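Novice: sequence plus the predicted model coming up.
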Amino acid sequence: MTVKTFFIGLIASFAFPWLVVVAVPFAKMRAVEIPQYDDVADGKSGAYTPVKSGRVTDGSAVYGAEGCAQCHSQLARPTYAGNDLGRPALAGIAKDPNLGDTRRESNLWDYDKEPFAWIGETRMGPDLSNYGRRMEIRTAEENAKTAEALGVKVEELSVAQKFNPEMAVYQHLYNPRADNTKSICPSNKCFFKKSAVKGQEQPNALMIDPSSELELVPGAEAQRLASYLLGLKRDGEVPFSMNYSRNKKKATGK
């Protein structure tokens with residue numbers, strides 16, 4: 001082998017992977033066009049513009065900085081790559097009381113306005129693609145249980161009696177094993193500041209111990225992350241051309 005052949009081979013060994021892994025995907029992503037609804041298939045026309053809630057940009061940054069993506073995925077894989085659409089509530093709700101089957105695969109626009117697409121490295125923890133939707137369901141269930149126990153309607157529950165999903169997230173961030181003793185999620189106690197209770201408790205503070213007269217006030221990072229997590233609802237309507245459903249039908253066939 002000559003020196004020239006060696007260097008040509010060396011350059012090729014780096015250039016080819018770079019071309020396949022970096023250059024080609026980058027070129028394809030730059031050429032992606034916004035999906036359009038079809039009059040026949042969807043019953044309407046126009047561009048697909050997903051609606052997001054929560055502090056998407058800065059909350060996503062906190063999510064990434066804390067390494068959440070190392071243990072949690074945010075990806076409902078295509079059917080050829082796994083059975084994510086068959087897992088309860090991961091890719092949507094199979095029998096939503098109002099919308100029917102909302103399960104679907106993840107798409108590029110699910111990560112719009114985020115600094116990175118946190119598809120995740122492992123699933124040591126649950127997938128969070130639809131964490132916000134699952135918390136909505138849990139909130140409804142918890143409120144129904146409380147109302148039944150008190151013998152009143154859900155609408156008659158006071159704010160203090162109703163389940164607060166934001167407070168549930170704060171509790172998990174401060175002490176993940178408070179609601180799941182088997183959780184291996186690290187605590188984010190640095191997100192909270194101990195403060196003496198002066199008069200009325202702060203509405204978003206966690207109580208350490210009623211006898212200690214101290215409360216845990218969530219800081220800016222905790223608020224951003226909680227807002228981001230509760231805004232993860234990726235089971236919304238998508239154009240027929242990119243939607244998955246076991247009984248997928250065009251608008252004209254409904």
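Specialist: Sure thing, it's come through.
Novice: in the lowest-mean-pLDDT helix or strand in the chain, what counts as buried?
Specialist: Least confident element among the helices and strands of the chain, by mean pLDDT, DSSP states H and E: strand 206-209 (a mean of 76). Neighbour counts over strand 206-209 (16 or more other CB atoms under 10 Å) mark Leu206, Ile208 as buried. Every residue, glycine included, has its C-beta placed from N, CA and C.
Novice: remind me, longest helix of this structure?
Specialist: When the chain is parsed with DSSP state H, its longest helix is helix 131-150.
Novice: mind giving me the domain ranges of the chain?
Specialist: Here the domain parsing of the chain from automatic domain parsing is 3-31, 49-174+226-237.
Novice: which one, of these, ends up nearest to Leu206?
Specialist: domain 49-174+226-237 (5.8 Å; CB to CB).
Novice: give me the mean pLDDT for that closest one.
Specialist: Mean pLDDT, computed over domain 49-174+226-237, is 91.
Novice: that one: end-to-end distance?
Specialist: 10 Å (CA to CA, to the nearest Å).
Novice: could you pull out the helices for the stretch 1-150 of the chain?
Specialist: For the stretch 1-150 of the chain, the helices defined by DSSP state H, counting those that start in this stretch occupy 3-18, 24-30, 39-42, 56-65, 131-150.
Novice: before we move on, back to that, kindly export the least confident helix or strand of the chain (C-alpha atoms) in PDB.
Specialist: Presented in PDB, the C-alpha positions along strand 206-209 are these (Å, rounded to 0.1, in the frame of the first residue of the first chain):
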ATOM      1  CA  LEU A 206     -44.800  22.500  48.600                       C
ATOM      2  CA  MET A 207     -45.100  22.000  52.400                       C
ATOM      3  CA  ILE A 208     -42.100  20.400  54.000                       C
ATOM      4  CA  ASP A 209     -43.800  19.700  57.300                       C
END
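Novice: mind giving me the packing neighbours of it?
Specialist: helix 165-174, strand 214-218 (3 or more CB pairs under 8 Å, 6 or more residues apart in numbering; DSSP states H and E).
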